[in-house]
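Novice: next comes the sequence, and after it the predicted model I'd like to discuss.
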Amino acid sequence: EGLFAGNKPALDGFEALKANGFRTVVFLYGPGADPAAVRDAASTRGLNCVAIETTPEALADAAKEFDRVANDRNARPV
């Protein structure tokens with residue numbers, strides 16, 4: 001409950017998330033990607049953004065961070 005999955009939204013998608021009551025966006029990204037644009041798009045719309053780099057070497061830590069956010073009822077809907 002309160003946890004949804006999807007692809008990275010276009011700019012108007014962040015507005016739709018906010019309009020539908022979302023509080024947090026989790027952005028999973030690969031090595032070398034810059035999460036700054038996603039963070040900015042989310043924060044300017046009043047959404048919390050948690051960007052998690054996912055690499056084979058850091059997958060265990062990334063999974064822990066994702067679980068922490070997903071299980072935080074105050075962050076939901078995510």
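Specialist: Noted; the coordinates are in hand.

Novice: the closest residue to residue 29 other than its chain neighbours: neighbouring residues, count only.
Specialist: Counting by CB to CB, 6 or more residues apart in numbering, residue 29 lies nearest to residue 35, which is 5.4 Å off, once chain neighbours are set aside. Every residue, glycine included, has its C-beta placed from N, CA and C. Close neighbours of residue 35, defined as other CB atoms under 10 Å, add up to 16.

Novice: now residue 36: how far from residue 27?
Specialist: 10 Å (CB to CB, to the nearest Å).

Novice: repeat that for residue 18.
Specialist: Distance, residue 18 to residue 27, by CB to CB: 15 Å.

Novice: swap in residue 53?
Specialist: Per CB to CB, residue 53 is found 10 Å from residue 27.

Novice: shared neighbours of these two, which are they?
Specialist: residue 35 (CB atoms under 8 Å, 6 or more residues apart in numbering).

Novice: show me the helices in the protein, by range?
Specialist: Assigned by DSSP state H, the chain shows helices spanning 11-19, 36-43, 59-70.
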